[in-house]
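> Test case, fold it:
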Amino acid sequence: MNKIATLFFIFIPCFIFSQAGIEQDPSFNIKTISFRVNGNNVIPFFKLGETFELSFDDLYGDEADYYYTITQYNYDWSAPSDLGKVEYLNGMDNQRIITYENSFNTLQLYSHYRQVFPNRFNQITKSGNYLISVLNDENEIVFSRRIIIYEEQVSVGLSIRRARDFESINQKQNIEMSINYGDRILQNPIQNVKVTLFQNGNWKTSISNIKPQYTLGSELIYRYNKETQFWGGNECYSIDNKIIRATNNTVAKVTSGENIYNTHLYTNTPRKNQPYTYFPDINGNFFIQNVNSTNSQIESDYSWVYFTLDAPEFLEENIYVSGMFNNYSLTDDYKMDLNKKTGLYEKALLIKQGFTNYQYILTDKKGVIDFKNAIDGNFFQTENNYTAIVYYRGNNDRYDRVIGIANTNSEVIRN
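Residues are numbered from 1 along each chain as shown. Below is the predicted model of the structure:
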């Protein structure tokens, strides 16, 4: 029995890491998870060999030890690829994150961690889907994030058009695409080439498993009417608290709490029945900045940000505050509460100062996003970023490689 128990515990880690590549949300003390290139927060799509950085804050500020693992997954994230780790990783993972600093001159104490990839301990050698998991010193997953490593072996063309059906012509944006593989030999491309489309880098609204409609020489053509449509949504709201004690056109009031500042935003009202109005946003993204500092990553403070929404018609559904700052999470941590005295939806979130985009997401009681009745409406004019990721797996291949990528913006939308 002792031998059986020993074998059981040996195989537990293997079983844990063989599950589907679902991102795990962090605990309360882990904030501001960010992938950065040249100091800018980016959507985690990186060219093979490109340098990028994963950073996050630990509000406990006790310089805890954290480790990371890298696991390759198949196209649909349903399971790890058939490759052994030594086949896609030069070196070894499960390394300790050794670069960290404590916050400086902030009311909220935190430890800021940074891990650069590739590094002297390991380098990813193959394109594909990867899950980076951060673990504590007890081998428990603290959080995990998906990334895509791509090669540029085919030419991908993207164009944005309005929807073709009259029901959603004013609300949706449709993606048309072509993939030119030139002289490259692709085995049975109709079956072996797969595409995933992203709107503003949001995994939760991505469209996958799109097959070409037909071929034209060495081109794969995608001209769908409905299968590649996205709801247009509306421009994001913004929080600008780079000067944490100042008010502006996004911050109505700032108060000092027991330990940190309170940032009160203006009350928002639904925009779905209003005409579309363009105002610049950064498509759900965020950046950290304290204008009165020399190193914003460790000198930017945290504040309680108070969101207020006047939307009484959504009493039967759930409303969430969402954006890249929380990885578009739809958990109870970001669910708004109805104040029965005022009739307003309210939520307070701890957010690092800088410039942050956010939006309100409506779901039914089962957690399914209600795009059609979006609080701020859907407009074909909305400016969105779109990305196409092209996967290929030959008949004898053991993993899904990413052979192409393309980006475009709906500012160039056509009828």
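
> Average pLDDT for stretch 402-411, rounded please.
Stretch 402-411 shows an average pLDDT of 96 in the prediction.

> tell me the contacts of residue 398?
81, 82, 83 (Cβ atoms under 8 Å, 6 or more residues apart in numbering). Where C-beta positions appear, they are placed from N, C-alpha and C, glycine not excepted.

> Okay, it and residue 103: tell me how far apart.
45 Å (Cβ to Cβ, to the nearest Å).

> Same question for residue 55.
Using Cβ to Cβ, we find residue 55 at a distance of 13 Å from residue 103.

> Now the common contact residues for those two.
residue 112.

> Compare the contacts of residue 398 and tell me which has the most neighbours.
Counting neighbours by other Cβ atoms under 10 Å, residue 81 comes out on top of the contacts of residue 398 with 23 neighbours.

> Which secondary structure state does the residue nearest to it when sequence neighbours are not counted sit in?
Spatial nearest neighbour of residue 81, chain neighbours left out: residue 399 (4.0 Å); criterion: Cβ to Cβ, 6 or more residues apart in numbering. For residue 399, the assignment made with DSSP: H, G, I helix; E, B strand; the rest coil gives coil.

> can you check the one 5 residues further on too?
Each residue gets one of three states, and residue 404 gets strand by three-state DSSP.

> Let me see the domain layout of the protein.
20-150, 155-232+382-412, 241-363 (automatic domain parsing).

> I'd like the average pLDDT over whichever strand or helix holds residue 90.
According to DSSP states H and E, residue 90 maps onto strand 89-91. The average pLDDT for strand 89-91 rounds to 96.

> Sketch out the low-pLDDT regions of this protein for me.
1-19 (pLDDT under 70).

> Would you state the helices of it in chain order?
Along the chain, counting by DSSP state H, helices occupy 2-16, 85-88, 189-192, 296-299.

> What sits closest to residue 203 if chain neighbours are left out?
residue 146 (6.5 Å).

> Show me the beta-bridge partners of the one you found.
Beta-bridge partners for residue 146, by DSSP bridges, are residue 131.

> That one and residue 133 touch, don't they?
No: in this structure, residue 146 is not within contact of residue 133 by Cβ atoms under 8 Å, at 10.5 Å.

> tell me the strands in the stretch 101-250 of the chain, going along the chain?
111-117, 122-124, 128-135, 141-150, 155-162, 172-180, 193-199, 207-210, 214-216, 219-222, 229-231, 237-240 (DSSP state E, counting those that start in this stretch).

> Now do the buried residues in the last one.
So that's strand 237-240. For strand 237-240, burial by neighbour count (16 or more other Cβ atoms under 10 Å) applies to 237, 238, 239, 240.

> tell me the contacts of the residue nearest to residue 81?
Residue 399 touches 72, 74, 81, 82, 83, 88, 126, 128, 393, counting by Cβ under 8 Å, 6+ apart.

> again, 10 Å this time
By Cβ atoms under 10 Å, 6 or more residues apart in numbering, the contact set of residue 399 is 72-75, 80-83, 87-88, 126-129, 391, 393.

> on that earlier part again, with distance to residue 375 added, can I get the domains of the chain in TSV?
As requested, the domains of the chain are exported to TSV (distance: least, Cβ to Cβ, whole Å):
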stretch	distance to residue 375
domain 20-150	23
domain 155-232+382-412	12
domain 241-363	5
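
> What sits closest to residue 62 if chain neighbours are left out?
Spatial nearest neighbour of residue 62, chain neighbours left out: residue 111 (7.0 Å); criterion: Cβ to Cβ, 6+ apart.

> I'd assumed residue 61 was in contact with that neighbour.
Yes: if you go by Cβ atoms under 10 Å, residue 111 and residue 61 touch, sitting 5.1 Å apart.

> more neighbours, the two?
Neighbour comparison, residue 111 and residue 61: the larger count goes to residue 111, with 20 against 16 (by other Cβ under 10 Å).
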